[in-house]
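In: Just the structure for this:
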Amino acid sequence: MQERVLHIDQGRIIRGRTTILRDIQLDMVPGEFLYLIGKTGAGKSSLIKALYGEWPWESGTVQVAGFNLVNLPRKRLHKLRRKLGIIFQDFFLLRERTVYDNLDFVLQATGWHSRKEKNARIAKVLDETGLSAYGFRYPAELSGGEQQRLAIARALLNEPVLLLADEPAGNLDPHTSDEITRLIRNLARHHQTAVLFATHDYRLIERFPSPILHCADGVLTRVDRLPQITT
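Out: Coordinates of the predicted model:
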């Protein structure tokens, strides 16, 4: 049996007095790609935030990349996040820094010191995301798809075991959305990185089929095809 990068048993997420998701049962292994779908407010982003430690877990067993997230001390969050890659819909790039410096900033913040090793790692992720010729450009000089490729490169820097993608194609046109989804799937397969890919674009799921996690009525259900729901 493959080692699990994610294991949740009877997980529960609460905000204030409201239960967002309850009785969560979920396992993921290296290289697995799962879509995460549901209506707005159903709990997709809440689950992702809880998985990278932004929101607390109320109860249950929650193991992510070797960390127990239930009652994980805040001072250990940075160690958890070094094992994760996170891609957001809105990119969250440093606008005043070049492509290269956006990536170098992350490596410095996560404990890389050798200039030679940093240069080699940046060159590798830029090559993998098709941005090798863009190192000295600024985010404003990139298209939306290129900015998201940079966000993917940033997420790959520390060779994550789990990639959390929160609507990564949400602000892109259909053609570019396809390119970004295909890129993430291919990189996950190549690196054996598990991917949880939240989306409201069911066209992507039809073009690039994979198992689905469906959030509805506070429950997370794993299905093999799109349920008959509306957003």
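In: Can I get the worst-scoring helix or strand of the chain on mean pLDDT in CSV, CA atoms only?
Out: Ranked by mean pLDDT, DSSP states H and E, the weakest helix or strand in the chain is helix 77-81, scoring a mean of 90. What follows is helix 77-81, C-alpha atoms only, in CSV (Å, rounded to 0.1, in the frame of the first residue of the first chain):
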residue,chain,number,x,y,z
LEU,A,77,2.9,26.0,10.5
HIS,A,78,5.9,27.1,8.5
LYS,A,79,7.2,23.6,8.6
LEU,A,80,3.9,22.2,7.4
ARG,A,81,3.7,24.7,4.5
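In: ok, and what's touching it?
Out: Here helix 77-81 makes contact (Cβ atoms under 8 Å, 6 or more residues apart in numbering) with Y52, G53, V64, A65, F67, L69, L72, T110. The way it works is simple: take the backbone N, C-alpha and C, and place the C-beta from them, glycine included.
In: which of these tops the neighbour count?
Out: Ranked by the number of neighbours (other Cβ atoms under 10 Å), the contacts of helix 77-81 place V64 first, at 24 neighbours.
In: Specify the beta-bridge partners of that one.
Out: Judged by DSSP bridges, the bridge partners of V64 are L6, F67.
In: right, and it touches L47 too?
Out: No: using Cβ atoms under 8 Å as the test, V64 is too far from L47 to be in contact (11.5 Å).
In: And for P30, the neighbour number?
Out: With neighbours defined by other Cβ under 10 Å, the count for P30 comes to 15.
In: helix/strand/coil for it?
Out: Following DSSP: H, G, I helix; E, B strand; the rest coil, the label given to P30 is coil.
In: who touches it in this structure?
Out: Taking Cβ under 8 Å, 6+ apart, one finds Q2, E3, V5, V161, Q192, T193, A194 in contact with P30.
In: In three-state terms, label the residue nearest in space to the middle of the chain for me.
Out: Centre of the chain computed as the mean C-alpha position; nearest residue by Cα atoms, centre = their mean is L164, 1.6 Å away. Secondary structure, three-state DSSP: L164 is strand.
In: pLDDT value on it, please?
Out: pLDDT for L164: 97.
In: Please tell me how far the lengthiest helix in the chain is from the chain's geometric centre.
Out: Using DSSP state H, we find that the single longest helix of the chain is helix 174-191. From the chain centre to the centre of helix 174-191 is a distance of 13 Å (Cα atoms, centre = their mean, to the nearest Å).
In: try stretch 166-176
Out: 14 Å.
In: Please apply the same query to stretch 41-50.
Out: 12 Å.
In: And for it, what's in contact with it?
Out: The contact list for stretch 41-50 (Cβ under 8 Å, 6+ apart) reads 13, 15, 20-21, 24, 36-38, 55-57, 62, 69, 86, 164, 166, 196, 198, 215-216, 218, 220.
In: Any quick PyMOL command for the buried ones out of the residues you listed?
Out: Selecting only the buried entries of the contacts of stretch 41-50 in PyMOL, with 16 or more other Cβ atoms under 10 Å as the criterion:
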select buried, resi 13+20+21+24+36+37+38+55+57+62+69+86+164+166+196+198+215+218+220
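In: Let me see the contact set for A155.
Out: Residues counted as contacts of A155 (Cβ under 8 Å, 6+ apart) are G85, I86, I87, L163.
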